[in-house]
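K.L.:
Quick one, fold the following:
(2 chains, ligands or ions: 3)
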Amino acid sequence: MAEDLNWAIGGEAGDGIDSTGKIFAQALSRAGRHVFTSKDFASRIRGGYTAYKIRTSVDDVRSVVDRLDILVALTQRTIDENVDELHEGSAIIYDGERSWEAEIPEGVAAVDVPLKSLAEEAGGAIMRNVVALGAACAITDFDVAYLDESLEKRFGGKGSKIVGNNREAARLGQEYVEENYELDLGYELETTDSDYVLLNGDEAIGMGALAAGCRYYAGYPITPATNVMEYLTGRIERYGGHVVQAEDELSAINMALGAARAGARAMTATSGPGIDLMAETFGLVATSETPLVIVDVMRSGPSTGMPTKQEQGDLNMTLYGGHGEIPRFVIAPTTIAECFWKTVEAFNYAEKYQTPVYLVADLALAVTERTFPPEAFDMDAVEIDRGRLIDESEVGEWLDEKGRFRAHADTDDGVSPRAIPGTTDAAHMSTGLEHDELGRRTEQEEIRVQQVDKRYRKVETAREREEWACREFGDPDAETLVISWGSNEGAIREAMELLAADGIDVRFLSVPYVFPRPDLTADVEAAEDVIVVECNATGQFADLIEHDTLTRVKRVTKYTGVRFKANELAEEIAAAIATEVTA
Amino acid sequence: MSSQVRFTDFKSDKQPTWCPGCGDFGTMNGMMKALAETGNDPDNTFIVAGIGCSGKIGTYMHSYALHGVHGRALPVGTGVKMARPDLEVMVAGGDGDGYSIGAGHFVHAVRRNVDMSYIVMDNRIYGLTKGQASPTSREDFETSTTPEGPKQPPVNPLALALAAGASFIAQSFSSDALRHQEIVQAAIEHDGFGFVNVYSPCVTFNDVDTYDYFRDSLVDLKEAGHDPNDHEAAKDVILDADKEYQGVIYRDENSVPYGAQHGLESDMSEIPDGAPEDATDLVREFY
Ligand SMILES: Cc1ncc(C[n+]2csc(CCOP(=O)(O)OP(=O)(O)O)c2C)c(N)n1
Ligand code: SF4
Ligand SMILES: [Mg+2]
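P.N.:
Residues are numbered from 1 along each chain as shown, chains lettered A, B, ... in the order given. Ligands and ions are numbered 1, 2, ... in the order given. Reported below is the predicted structural model:
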């Protein structure tokens, strides 16, 4: 892999850290470089440390590492928070004219730039972060003209004067460093002709929903799922759809359910606390056989937990949550691009099997921006399958002897005909009560059993008809098998490169399907060591693998609230190989 | 459906299991007649029912319908109507469903002013769970869970609606069949959220708010010459704690429903076979 550069800007929440970081990330992407961003943030609006970190390379970058090369520090706390990641040869850009005395660690180049004064010279103190971007360009020998386009994107709405001032601010920062410092840190940023798009997981989910024909979104704001709603707002209308901010998650899922019963492709997105609230209606969605996509962008729990921190703790909730026995699908995209594709799949499964589908992402996917070639989102490859949605001409086949529509007909594959309101002669009621084929309440034993079996038969049908494949990486014959689900894929792939350099070959199965899921028995049996990696305390996915394969596995878990980093993961995998499996 | 819709077309072939004499029979009859009278037919009507004796209405009527979970009928109706402006949407449930477990939704449904009707069968009791206090039960109403009465004032649903900015507030009595039907019809015809609190007596568990009580105490607003367009007069009626009223209490003639406010016209069930034609623009935004 080519040299990567790790850059960050940090300060107080409310300092414009995110938007500044995004401007630099976009500029790097425009220069044909790959970018992977991450955020450290506190949930308060003001008065908390926050940082936006960028890892960039001309090669693909898939995770974060714990090394920081250039840090723009607006506060001393920013330096303190990152002191372990700074190294000999790092540089800190800071404003020595500000009231705080920067304590620069040994061996780190201090680049004191009068950010505020130069910003004022360009037209206003508010642009000090942009001055810092210019300074960063100087250190990395990166043409500040690449910032121009992203500044236009960010400030274009405020008029050409503001854009011009910002461009000037960036140039002043660059010139100041060039004139006052002679740094040779070796951070020259190469550029390429490649075109990339830069987006985060929430945006990819939102775009996937639009591509898949989602026309109705109801939601209640919650970190880290709010961006899905914000992305759809203003875009879904172009396609005749609508976003509604509900009064709570109980309402959100019921609104989405209503829209789905009316025939629309509908979705709601939330995080753990919202999933808890939706649990009762989730059972209704399944029992009434309504196609619905429910997105859980996981964050650290339980309860309010650590709202801005990473965790994959909701696996069991999405897999088992709700009283009674509820057939469902649980899909967990493993990369940002997969957030798009799995959303499209989720809508198709929901309609083909008339069942709720949980799309389980997590904070690490949601707030991370990553570059992809635009072909990664090939709209021509999007397929829409609405399943057994029938029109007027087909209603006749599904009427009983009294001419009543059999909305829950017990079919060979478990899938009943679906007629949406307005379809002549197919009016029917659906209910959360156990019901007969017509949708009418019953407590008759045979019918109860028939309907439960029919609903579960859909899952069996899906198991047979669809491909529930893993994404496979590494040496297929390696003795060590690493299994993971969700967002850890990128860090594991990079860890594999580090391990390979140490002579440790690994086979890696990245599993995007939690239920139904691929049967890994043969793979597990063929391996010497099986290590399941996930971001939770108990190893919920490892439990499933053990359950499926009747084999004990080794567990690498992390529940600090911070995602896995490639280098720490490489060490942990190596350590796991060296230990005995515990029964 | 034939063009000649009769109200019995809205009846399912399932026999109601309500107690003989239950007010819900009359409430439902009026709803079916009002739906037929306003030119709807079962294939273009969507009924959302809550949970309770009242919620069984979804089973006894014939139309597209969803019988949901306790207290969440209004959000379901909201989603149906937003996705399909062409449908007639009617939401029905009990006083517990609407003013207790679903009270939060009630306030926001009123504010949102989606063009649908909401019929609450208010029997001032929890019927289905066999006789506990409801949010509209009287302060001294003795039940199995409130042996000395709830000792808290009942919710005034009409005042709640008024405070939330309702565009249509009405109250009817299930046994005054003609008037009840007329009022539900007005709620259907209203451009916006047509809210009707229906006194629908529970003959089994409420021996206080009985047919006789309502018959004796109800003031008919139409006969009294009440002007529903007069917000002040509506306020006086709603806050009058000494009397019971039936009639359309308030109607905002200038009501602009949610759908019109937000330009919702499309039938959201119709989508292309693949990604929308210009979907690549969505990708380009991320350059
Ligand atoms: C979440 C939940 N809690 C409690 C119940 C039990 N329950 C069913 S109906 C009902 C109250 C019904 O009262 P109301 O809405 O006034 O309807 P009525 O039976 O009087 O028509 C309750 C508490 C339930 N079904 N779901
Ligand atoms: S219990 Fe009351 S509300 Fe329920 S059916 Fe009987 S009379 Fe009607
Ligand atoms: Mg009641």
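K.L.:
part of a strand, is residue A:199?
P.N.:
Yes - the assignment for residue A:199 by DSSP: H, G, I helix; E, B strand; the rest coil puts it in a strand.
K.L.:
Tell me where the stretch 201-350 of chain A has helices.
P.N.:
Using DSSP state H, counting those that start in this stretch, the helices of the stretch 201-350 of chain A run over residues A:201-211, A:226-232, A:249-261, A:272-287, A:315-320, A:336-353.
K.L.:
Let me know which of those helices is tucked in deepest.
P.N.:
Neighbour counts (mean count of other CB atoms under 10 Å in any protein chain shown) averaged over each of the helices of the stretch 201-350 of chain A peak at helix A:249-261, with a mean of 31. Where you see a C-beta, it was placed from the backbone N, CA and C, and this is true even at glycine.
K.L.:
what packs against it?
P.N.:
Where contact means 3 or more CB pairs under 8 Å, 6 or more residues apart in numbering or on different chains; DSSP states H and E, helix A:249-261 is packed against strand A:214-219, strand A:265-270, helix A:272-287, strand A:292-298, strand B:64-67, helix B:73-83, helix B:103-112.
K.L.:
low-confidence ranges in the chain?
P.N.:
No chain in the question, so chain A it is. A:1-2, A:42-47, A:583 (pLDDT under 70).
K.L.:
think we crossed wires, I meant chain B
P.N.:
Across chain B, the ranges flagged by pLDDT under 70 are B:1-3.
K.L.:
now the strands for it?
P.N.:
In chain B, the strands defined using DSSP state E lie at B:45-49, B:64-67, B:88-94, B:117-122, B:168-173, B:194-199, B:218-220, B:244-251.
K.L.:
Would you list the strands that the shortest one pairs with, along with their directions?
P.N.:
Meaning strand B:218-220. Note on strand B:218-220: by DSSP bridges, its sheet partners are strand B:244-251 (parallel).
K.L.:
same thing with the third one?
P.N.:
Taking DSSP bridges as the criterion, strand B:88-94 sits next to strand B:45-49 (parallel), strand B:117-122 (parallel) in its sheet.
K.L.:
picking up where we left off before, of all the helices and strands packed on helix A:249-261, which lies closest to residue A:86?
P.N.:
Of all the helices and strands packed on helix A:249-261, strand A:292-298 sits nearest to residue A:86, with 30.5 Å by CB to CB.
K.L.:
quick one, what contacts residue B:50?
P.N.:
Listed by CB atoms under 8 Å, 6 or more residues apart in numbering or on different chains, the contact partners of residue B:50 are B:68, B:70, B:71, B:72, B:73, B:91, B:92, B:93, B:94, B:97, B:98, B:102.
K.L.:
Can you get me a residue count around the nearest residue to it once chain neighbours are set aside?
P.N.:
Excluding its sequence neighbours, the residue lying closest to residue B:50 (CB to CB, 6 or more residues apart in numbering or on different chains) is residue B:93, at 2.7 Å. Residue B:93 has 30 neighbouring residues, counting by other CB atoms under 10 Å in any protein chain shown.
K.L.:
Residue B:93 and residue B:156: what is the separation?
P.N.:
Residue B:93 sits 18 Å away from residue B:156, going by CB to CB, to the nearest Å.
K.L.:
and what of residue A:58?
P.N.:
Residue A:58 sits 69 Å away from residue B:156, going by CB to CB.
K.L.:
Quick one: name the residues of the stretch 101-250 of chain B near ligand 2.
P.N.:
B:123, B:127, B:202, B:203, B:204, B:205 (CB under 6 Å from any ligand atom).
K.L.:
ugh, wrong one, I meant chain A
P.N.:
Counting by CB under 6 Å from any ligand atom, no residue of chain A sits close to ligand 2.
K.L.:
Grab the most central residue of chain A for me.
P.N.:
Taking CA atoms, centre = their mean, the centroid of chain A lies closest to residue A:365, which sits 2.8 Å from it.
K.L.:
leaving aside the residues next to it on the chain, what's closest to that one?
P.N.:
Distances taken as CB to CB, 6+ apart put residue A:201 closest to residue A:365, at 3.3 Å, once the chain neighbours are dropped.
K.L.:
ok, now residue B:258?
P.N.:
In space, and not counting its chain neighbours, residue B:258 is closest to residue B:114: 4.5 Å by CB to CB, 6+ apart.
K.L.:
my guess is the one you found contacts residue B:257, does it?
P.N.:
Yes - counting by CB atoms under 8 Å, residue B:114 touches residue B:257, with 6.3 Å between them.
K.L.:
out of the two, which sits in the busier spot?
P.N.:
The neighbour count for residue B:114 versus residue B:257, taken as other CB under 10 Å, is higher for residue B:114 (26 against 20).
K.L.:
How much space separates the more buried one from residue B:40?
P.N.:
Distance from residue B:114 to residue B:40, counting by CB to CB: 17 Å.
K.L.:
Who does residue B:199 form a beta bridge with?
P.N.:
Residue B:199 forms beta bridges with residue B:122, residue B:173, as assigned by DSSP bridges.
K.L.:
Might you report the residue contacts of the residue of chain A found nearest ligand 1?
P.N.:
At 6.2 Å from ligand 1, residue A:280 is the closest residue in chain A, using CB to the nearest ligand atom. Counting by CB under 8 Å, 6+ apart, residue A:280 touches A:250, A:322, A:323, B:69.
K.L.:
From the residues you listed, list the buried ones, please.
P.N.:
For the contacts of residue A:280, a burial check counting by 16 or more other CB atoms under 10 Å in any protein chain shown picks out A:250, A:322, B:69.
K.L.:
What's the separation between the last one and residue B:12?
P.N.:
Distance, residue B:69 to residue B:12, by CB to CB: 21 Å.
K.L.:
again, but for the first one
P.N.:
Computed with CB to CB, the distance linking residue A:250 and residue B:12 is 28 Å.
K.L.:
Can I get stretch A:528-548 in CSV? Just the C-alpha atoms.
P.N.:
Only the C-alpha atoms of stretch A:528-548 are listed here, as CSV (Å, rounded to 0.1, in the frame of the first residue of the first chain):
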residue,chain,number,x,y,z
GLU,A,528,-7.6,-24.7,12.8
ASP,A,529,-8.5,-21.4,14.5
VAL,A,530,-11.8,-19.6,14.3
ILE,A,531,-11.9,-16.1,15.6
VAL,A,532,-15.1,-14.0,15.6
VAL,A,533,-14.6,-10.3,15.7
GLU,A,534,-17.3,-7.8,16.8
CYS,A,535,-17.9,-4.5,18.6
ASN,A,536,-19.8,-5.7,21.7
ALA,A,537,-18.9,-7.1,25.1
THR,A,538,-20.5,-10.6,25.0
GLY,A,539,-19.9,-11.7,21.4
GLN,A,540,-23.4,-12.0,20.2
PHE,A,541,-22.5,-13.0,16.7
ALA,A,542,-19.9,-15.5,18.0
ASP,A,543,-22.8,-17.1,20.0
LEU,A,544,-24.7,-17.5,16.7
ILE,A,545,-21.7,-19.1,15.0
GLU,A,546,-21.3,-21.5,17.9
HIS,A,547,-25.0,-22.3,17.8
ASP,A,548,-24.9,-23.0,14.1
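K.L.:
Please point out which parts of it sit buried.
P.N.:
A:529-536, A:539-542, A:544-546.
K.L.:
Just to be sure, the residue nearest to the centre of chain A is in a strand?
P.N.:
No - applying three-state DSSP, one finds residue A:365 to be helix, outside a strand.
K.L.:
on that earlier part again, how about the contacts of residue A:280, which pair is most distant?
P.N.:
Across those (CB to CB), the longest gap, 15.5 Å, separates A:250 and A:323.
K.L.:
on that earlier part again, tell me which residues form a beta bridge with the residue nearest to residue B:50?
P.N.:
Here residue B:93 sits in beta bridges with residue B:120, as judged by DSSP bridges.
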